[in-house]
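Trainee: Generate coordinates for the sequence data below:
(2 chains)
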Number of protein chains: 2
Amino acid sequence: MDFKNVTAHAKANVYFDGKVVSHGITLEDGTTKSFGVIFPGSYHFGTEAAERMDVIDGDCKVTLDGSEDATAYSAGQHFNVAANAGFTIEVAEGQAQYICSYIQG
Amino acid sequence: MDFKNVTAHAKANVYFDGKVVSHGITLEDGTTKSFGVIFPGSYHFGTEAAERMDVIDGDCKVTLDGSEDATAYSAGQHFNVAANAGFTIEVAEGQAQYICSYIQG
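Mentor: Below you'll find the model as predicted:
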């Protein structure tokens, strides 16, 4: 899963004491993505822009804000999160990896 | 610390149960680098190609294979590791971040 002709940002984003770590890129069209790793636990993220989350490794369960339902996602699947909303993502074991694509309004 | 016109690889390298996480890039000239985060602990890495390690955040101590001396490095400093050698890197608290540049022979 490679992205060509991008600007890569060397400084990582570290959340929840290292349980979630990501590095970001900016594509030629100015849009941004982050590649992340999630270790076991449950984490809530708020969104500003809408996000498309592609799971590229492992398994996770996702509950969108305002919903009671946790949906399972595995590598190859994706989910969308509205702008100015949020979601809780849970990894039971091992690790999950994702590509987060930030979608401008 | 940004790198333009590169290919970014979305899959992370995860070492030591997540205590070291990195994402890699390939530059236009075909050379490769990885951006990494190191959490508290002591970790040994072997090298194939020679490596230049630029510390870009936090503090660490490094002992090159074959040496008894641990040298402290902070953000803005770098160290070199020979090909087919190794080093032990230790982070006491918080996190350290690095850019590893793989140097072809």
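
Trainee: Show me what A:N80 bridges to in the sheet.
Mentor: Counting by DSSP bridges, A:N80 forms beta bridges with A:R52.

Trainee: same question, the one 10 residues further on
Mentor: Residues found in beta-bridge contact with A:E90 (criterion: DSSP bridges) are A:S42, A:K61.

Trainee: and the nearest residue to A:H78 once chain neighbours are set aside, how many neighbours?
Mentor: Nearest residue to A:H78 in three dimensions, chain neighbours excluded: A:D54, at 4.3 Å (C-beta to C-beta, 6 or more residues apart in numbering or on different chains). Any C-beta I mention is one placed from the backbone N, CA and C, and that applies to glycine too. The criterion is other C-beta atoms under 10 Å in any protein chain shown. On that basis, A:D54 has 19 neighbouring residues.

Trainee: Model confidence score at A:D54, please.
Mentor: pLDDT, A:D54: 98.

Trainee: Look at it and give its secondary structure.
Mentor: Here A:D54 takes the strand state, with states given by DSSP: H, G, I helix; E, B strand; the rest coil.

Trainee: residues touching it, list them.
Mentor: Listed by C-beta atoms under 8 Å, 6 or more residues apart in numbering or on different chains, the contact partners of A:D54 are A:77-78, A:98-101.

Trainee: again with A:A49
Mentor: By C-beta under 8 Å, 6+ apart, the contact list for A:A49 reads A:83, A:102-105.

Trainee: What ranges does chain A have for its strands?
Mentor: Taking DSSP state E to define them, one finds strands in chain A at A:2-9, A:13-15, A:20-26, A:32-38, A:41-46, A:50-57, A:59-64, A:71-74, A:78-81, A:86-91, A:96-103.

Trainee: List the pairing partners of the shortest one within its sheet, with orientation.
Mentor: Looking back up the chat, that one is strand A:13-15. According to DSSP bridges, strand A:13-15 has the following sheet partners: strand A:20-26 (antiparallel).

Trainee: do the same with the last one
Mentor: Each strand that strand A:96-103 pairs with, and the sense of that pairing, follows from DSSP bridges: strand A:32-38 (antiparallel), strand A:50-57 (antiparallel).

Trainee: Please identify which of those strands is closest to B:K61.
Mentor: Checking the strands paired with strand A:96-103 against B:K61 by C-beta to C-beta gives strand A:32-38 as the closest, at 24.9 Å.

Trainee: what residues does the closest one touch?
Mentor: The contact list for strand A:32-38 (C-beta under 8 Å, 6+ apart) reads A:3, A:13, A:19-27, A:58, A:60, A:89, A:91, A:95-102, B:8-12, B:14, B:18, B:21, B:23.

Trainee: Tell me the gap between it and the middle of its chain.
Mentor: Centroid separation between strand A:32-38 and its chain, computed with C-alpha atoms, centre = their mean, to the nearest Å, is 5 Å.

Trainee: now do stretch A:19-35
Mentor: In terms of C-alpha atoms, centre = their mean, the centre of stretch A:19-35 is set 10 Å apart from its chain centre.
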